[in-house]
Every structure is written in structure tokens, then in C-alpha cells.
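# Turn this into a structure:
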Amino acid sequence: MRLYIDACCIIYAIEGLPQFKDPVLKRLVDVESRPDGALLTSRLSRLECRTKPLREKQQDILGYYDGFFARPPLVLAEISAAVIERATELRAAHGFKTPDAIHSATAIEEKADAFLTGDVALTRCSAVASNWYKIWSCCAHHLFQLAFFCSFDLPPPSPPKTSSPSTTTAPGAGIRTRASFTIRPTTRS
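Below is the predicted model of the structure:
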């Protein structure tokens, strides 16, 4: 099972509040625990995730992102000529923004079985729209819709309990959740 992760979900996993972070981390753990599980994303995600912490000189957050992108089970797909051609077609046909078109095209070219995103606008792609379902998570007084493109039989994660936040350790020691998915920062020289 190959799960493509949109940059917004990586940001939720690293910087998100528990009501955003927990469902994403649970999904990543579910996929990683499968014998055929693989996590995929585009090199574009690295750019999208690291820009704000780099601009704001948040070295600790950058370390967590570097640790995430260095994870052995993560496939960091290059933006190839085939991805650009597919993205151009998707952008023209569905009106996607360029980054969304690149993420969608990368997932298609990398033969992802599923696409994890918080962007419901991506459902406009008719090639995948029939396979979308939504995972709802309560966020204070709002409902947050996490769209999950799914072409395999995997139930959505249980909604997180608002009274039990994730366990977080000090920066430099990694982030650990109850689902045991760990993101460790890399050290900078």
C-alpha cells in the first residue's frame, strides 16, 4: 500500500495541534505497519514544509522536518518531466494551483494507492474523485475535513479524543504519539 502524503499533512504531523496531528499520524502509522506499506511525497513537499521555519529561523522545527524527510520508509519523489507533463494536464483540466497539480501528478506517476491531504479541492480530479471519502475530526467549534483518496480497503482512523493530547517530548528528543510514530530532528552542523 503506497500512501502519498500532501505537504499540508506533513505540516500537520510536525506542527499541528493534536486534533490535526493525531489523525494524520495515525494514518501514517497504519500504513507503515503494513508489510506492503510505503509513504511517498514529492520533493516539492520539502520546499513547502521548510519555507516558513527557515524564514523565521526556527531551527528546532527545521530539524523535525529534516528528520521526517530523512526517514528510510519515505520515498521522496523527484519532479520529473513526466510529472510536469501530467501536472500541466491536471492543471488545465481541473483548475488546480500549480503545487496541487504537481502533488497529484506525482502521486499518479508514482502509482500511489492513496492520497492523504487536507485539501478537498483536489476532489475535482475526475480520475480519483469517485474514490474519495472524508475523515472528520472535531477541532474546537469547527469541523475539520481531512479528505483521503482511498482505493483500498482501510477504514478511516477513529476520531481523536479532545481530552487526551499527544505526548510530546522536548525538542531534540523527537515527537512521540500514542500510536508510536516517531519523528526525530536531525542535527545541524
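
# Tell me where the chain has helices.
7-15, 18-32, 43-55, 59-69, 81-94, 98-109, 126-129 (DSSP state H).

# Could you dump those helices into TSV and include mean neighbour count, mean pLDDT and distance to G118?
No exception for glycine: its C-beta is placed from N, CA and C like everyone else's. Formatted as TSV, these follow (neighbours: other Cβ atoms under 10 Å; pLDDT from 0 to 100; distance: least, Cβ to Cβ, whole Å):
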stretch	mean neighbour count	mean pLDDT	distance to G118
helix 7-15	23	94	5
helix 18-32	22	89	8
helix 43-55	17	97	13
helix 59-69	19	95	17
helix 81-94	16	93	18
helix 98-109	23	92	12
helix 126-129	13	53	16
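
# would CSV of these with distance to V75 be doable?
Formatted as CSV, the helices of the chain follow (distance: least, Cβ to Cβ, whole Å):
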stretch, distance to V75
helix 7-15, 13
helix 18-32, 12
helix 43-55, 11
helix 59-69, 11
helix 81-94, 13
helix 98-109, 10
helix 126-129, 19
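
# Next one: the residue found closest to I5 once you drop the neighbours it is linked to in the chain from E109, what distance?
Of all residues not flanking I5 in the chain, T41 sits nearest, at 4.7 Å (Cβ to Cβ, 6 or more residues apart in numbering). Distance from T41 to E109, counting by Cβ to Cβ, to the nearest Å: 13 Å.

# intersection of neighbour lists for the two?
A77 (Cβ atoms under 8 Å, 6 or more residues apart in numbering).

# Brilliant, that's me finished.
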